[in-house]
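Enquirer: give the three-dimensional model of this entry:
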Amino acid sequence: MLNSETHLSLRSVIAKTVNAISEVKTSTTQDLTLEEIRTAAREDPSYTRLLQNVANGFPSHRYDLHNDILPYWKIREELYTDDDLVLYGARIVVPSAMQRNILTRLHDSHRGVEATKRRAKQTVYWPGINSDIANTVHACEPCQIMQPSQQQEPWLCNENPSRPFESVSADFFSVAGKFFLVVGKFFLVYVDRLSGWPVVVKFGTNTTAEATTQHFSHIFRDLGVPVRLMTDGGPQFISSEFKNFLGRWGVQHVMSTPHYPQSNGHAEAAVKKVKHFILKVAPSGNINTEDFDRGLLEIRNTPNYAGRSPAQILYGQALRSCVPAHASSFKQEWQAKAEEYDRRVASCSQAAKIRYDSHVHPLAPLKLDDNVRIQDPISKRWDKTGVIMGIGKSRDYYVKLPSGRILWRNRRFLCPVHLPNSQLRDEMQQSPKKKDVAPAISQPQSDTHLEYRRSPRLHTRS
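Expert: Sure thing, here's the model as predicted:
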């Protein structure tokens, strides 16, 4: 049997062991993240004042509150305390010292703004958290580079010409891809924007500006000089020789923005039609055949969606072809129905615009000195930054890169960035200036700065 001293000593050892085990268990079940927030809350005077107001009750009038507590006035009935923490429903009210770290953790998944907001609504809260989340996502370099392409904008219609060959479109193309590029099968499609009358010119291997001006001179001689010529920014069309040629003939040159063929959609549609036609009747690229000539004649005789063919619009009647036709089909009765045709064209154009605009949304216009990201047309990544230096007439902008180069882009390839003006302008002042206009290679700066929202009224009251 144990004596009293041994019994007391044994009880003391057992008690110490139980206490040690209890301390270990308590320490292992503690949430270290919550403890870090509790520590930050105890050291934050504003948070301490909020905790006291929640525990003891808010005053009867909001103006009796300290400026730091005013943003919580509208949700005061939903706040409660848990030891050193304030909770808003199931969400922890985070002290200001921990907010930046919490934002970083919320964005660990690199999801978008709305997904990050939904995640925050489950766990954390502070006034202005939605704005801070948006700033965090917009300032994330990988997220901005990898963001998806922007949606299409509403249909922007050009002025309708009033007479044939007043406004024309032109574009180069090659057939059958690399095979014809090797043997030099290049073609030019020249299309009237009123009638849709197509002209196909075989260029062969010589697509220089000199050859281009020569062929255009022959077209102007045969079909008349247009008021307006729309093309893309191909090397032949942007050359000084071609520019001087159009100046001598009195032609206004309108170019589509790079990597956006939709802005020259009339010529692109004609190219698609003629290209498919050549692939079917002249797969070798030789268009000096009867099959090609008969087919092109039928294209010019085929009525459009409004019921008139390019030949009818241009010549006043259909042209005789190898397709049998009675003499009465060449009568000019359609001219008496010109007003009905015009109404049908307007109706079809309006219906097409409504269908197109039903699934698109306009993008907010950009202003001078706005900071933007530029989408690479091949990789589809937004890996360049610049500043808007000029604004065009058809949703096109001139963007100055940090290297000093100027890019011309459609609004669809430009996305506003939340980058302080001072940072981007410092980059441009430190970068060498270049006068040539060419695609940029410079990479954007990865160093970003977050600006958190706070009401100006609170600034003045604090």
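
Enquirer: shouldn't Gln151 be in contact with Cys415?
Expert: No: in this structure, Gln151 is not within contact of Cys415 by CB atoms under 8 Å, at 11.6 Å. C-betas here are computed from N, CA, C, even on glycine.

Enquirer: those two: who's more crowded?
Expert: Cys415 (19 against 11; other CB atoms under 10 Å).

Enquirer: host element of the more buried one?
Expert: strand 414-416 (DSSP states H and E).

Enquirer: what does Leu87 give?
Expert: Counting by DSSP H and E, Leu87 is part of strand 85-88.

Enquirer: quick one, helices of the stretch 351-462 of the chain?
Expert: Ranges of helices in the stretch 351-462 of the chain, per DSSP state H, counting those that start in this stretch, are 421-430, 456-461.

Enquirer: quick one, helices of the stretch 101-250 of the chain?
Expert: 113-123, 129-138, 141-145, 178-183, 209-223, 240-249.

Enquirer: output these as CSV; include the columns mean pLDDT and mean neighbour count.
Expert: Output for the helices of the stretch 101-250 of the chain, formatted as CSV (pLDDT from 0 to 100; neighbours: other CB atoms under 10 Å):
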stretch, mean pLDDT, mean neighbour count
helix 113-123, 92, 15
helix 129-138, 91, 19
helix 141-145, 83, 16
helix 178-183, 40, 12
helix 209-223, 93, 16
helix 240-249, 94, 14
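
Enquirer: for those helices, which one sits closest to His61?
Expert: Closest to His61 of the helices of the stretch 101-250 of the chain is helix 129-138 (CB to CB; 26.2 Å).

Enquirer: re earlier: what pairs with the helix or strand following the strand holding Leu87, parallel or antiparallel?
Expert: Using DSSP H and E, the helix or strand that follows strand 85-88 towards the C-terminus is strand 91-93. According to DSSP bridges, strand 91-93 forms sheet pairs with strand 85-88 (antiparallel), strand 124-125 (parallel).

Enquirer: single out the most deeply packed of these.
Expert: strand 124-125 (a mean of 20; mean count of other CB atoms under 10 Å).

Enquirer: list of residues touching that one?
Expert: Tyr88, Arg91, Ile92, Val93, Val94, Ile102, Leu106 (CB atoms under 8 Å, 6 or more residues apart in numbering).

Enquirer: same list, these, but as TSV with distance to Asp291 and pLDDT please.
Expert: As requested, those are exported to TSV (distance: CB to CB, whole Å; pLDDT from 0 to 100):
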residue	distance to Asp291	pLDDT
Tyr88	77	92
Arg91	74	93
Ile92	77	93
Val93	79	94
Val94	76	94
Ile102	71	93
Leu106	65	92
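
Enquirer: who wins for most neighbours among the residues you listed?
Expert: Neighbour max across these (other CB under 10 Å) = Val94, 25 neighbours.

Enquirer: any idea how far Ala134 is from that one?
Expert: 17 Å (CB to CB, to the nearest Å).

Enquirer: could you export the helices of the stretch 101-250 of the chain as TSV, including distance to Leu51?
Expert: Below are those laid out as TSV (distance: least, CB to CB, whole Å):
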stretch	distance to Leu51
helix 113-123	19
helix 129-138	19
helix 141-145	35
helix 178-183	72
helix 209-223	76
helix 240-249	72
